[in-house]
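> Provided below are the primary sequence and the corresponding predicted coordinates.
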Amino acid sequence: MEKQKALYEYVLRLGDDSLILGHRVSEWCGHGPILEEDIALTNLALDLIGQATSLLNYAGELEGKGRDGDALAFLRYEREYKNLLLVEQTNGDFGKTILRQFLFDAYRKPLFECLQKSSDKTLAAIAEKSLKETKYHLKHTSEWVIRLGDGTEESHNRIQDSLNSIWKYTHEIFYKDDIDSVLIAENIISSGDEIKAEWTKTVSEVLAEAKLEIPSNNWIQEGGRKGLHTEALGYLLTELQYMQRAYPNMTW
Amino acid sequence: MSKKEWPLWEVFIRSKQGLNHKHVGSLRASDSTMAIENARDVYTRRSEGVSIWVVESNNVFANDALEADALFTPADSKIYRHPTFYDVPDGISHM
């Protein structure tokens, strides 16, 4: 695979992670458990949509077929989305949303730290800007995971159930294929070993403090990076794409 | 589910230009760490601040509003407490 094509696919994966998770979190707007957290979640969703805009616009440039970020976000079919299965999972209760976000942030922070040093200047610049936002997201979600896990019996049981149900999607975070190999050889991305090490450390420390147990069942589920999704994504895209599909090229 | 509400916190923000923290409002949070995070999201979204203080509202003590007369009106008739009786020389500006 040539470098340009690999970079396009890679940036698309990162952009889709931000877009799909950003949309999921935005579903909380007006439904947060308390006003303060409603605002916090909406801020977080907007940060993710902002990252998606930068990443998907850049992916469009790399592809060179005249598609911009909007075209990529709104006009692809389900199997053309390359996000992690983790980020498309439904919100569930507040604890599940926070836990899903925490597991993602714990990966995104070291990822952006590595990408800041990328030989690709645009990617490095996007990573630098996104890192500041991501550090805050990780801090906020870590604090919540600890409070819910080590909170009341009900909050503990609920978030432990969520952990048991979404843990199987975390393995895919470290999925690697040809696209990664080409970019590692070009010094555009790192091998990813240090990202996995830091993720494992952060997750085990926070979950231990939250008195949560990592499921012993090591069944894994992956496919998002290849475009094979869970049922949840179709419903999300139906809502996300509705306006552009119903009224092509509309703007406001 | 418990109906107990989280404690109320008063939020103080120091702006980029300002020297002192100013009271900007209040919010609810389970503890001081979450109060600061909530204050960040509620009150500094538009770059309003560079520093945040939170104080649990229970710890703010106020004067009795009914005693306001006794506390404050005696000062009204003591104009000599304002330094307005000095002649300012012509060369002094910014006074």
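Noted; the coordinates are in hand.
> all strands in chain B, in order from the N-terminus.
Using DSSP state E, the strands of chain B run over B:8-14, B:22-28, B:51-56.
> where does the residue nearest to A:Arg147 when sequence neighbours are not counted fall, phi/psi-wise?
Counting by CB to CB, 6 or more residues apart in numbering or on different chains, A:Arg147 lies nearest to B:Ser30, which is 6.4 Å off, once chain neighbours are set aside. Glycine gets a C-beta too; all of them are placed from N, C-alpha and C. When read as degrees, to the nearest 10, the backbone of B:Ser30 gives phi -70, psi -30.
> residues contacting the spatially most central residue of chain B?
Centroid-nearest residue in chain B, with CA atoms, centre = their mean: B:His23, separated by 3.5 Å. Contacts for B:His23 were tallied using CB atoms under 8 Å, 6 or more residues apart in numbering or on different chains; they are B:10-12.
> How about A:Gly149, nearest residue that isn't a chain neighbour?
Nearest residue to A:Gly149, sequence neighbours excluded (CB to CB, 6+ apart): A:Ala210, at 2.8 Å.
> My guess is that neighbour contacts A:Glu143. True?
No - if you go by CB atoms under 8 Å, A:Ala210 and A:Glu143 don't touch, sitting 10.0 Å apart.
> Can you tell me which of the contacts of B:His23 has the most neighbours?
Most neighbours among those, by other CB atoms under 10 Å in any protein chain shown: B:Val11, with 25 neighbours.
> do you know how far the residue nearest to it when sequence neighbours are not counted is from A:His171?
Excluding the flanking residues, the one nearest B:Val11 by CB to CB, 6+ apart is B:Ala39, at 4.5 Å. Distance check for B:Ala39 against A:His171: by CB to CB, to the nearest Å, it reads 37 Å.
> Run through who's touching the longest helix seen in chain B.
If you go by DSSP state H, chain B has its longest helix at helix B:32-43. With contact meaning CB under 8 Å, 6+ apart, helix B:32-43 is reached by A:35-37, A:39-40, A:43, A:136, A:139-140, A:143, A:147, B:9, B:11, B:13, B:24-25, B:27-29, B:49, B:52, B:54, B:56.
> How about the residues of chain A by chain B?
A:34-37, A:39-40, A:43, A:136, A:139-140, A:143, A:147, A:152, A:154 (CB under 8 Å from any CB of the partner chain).
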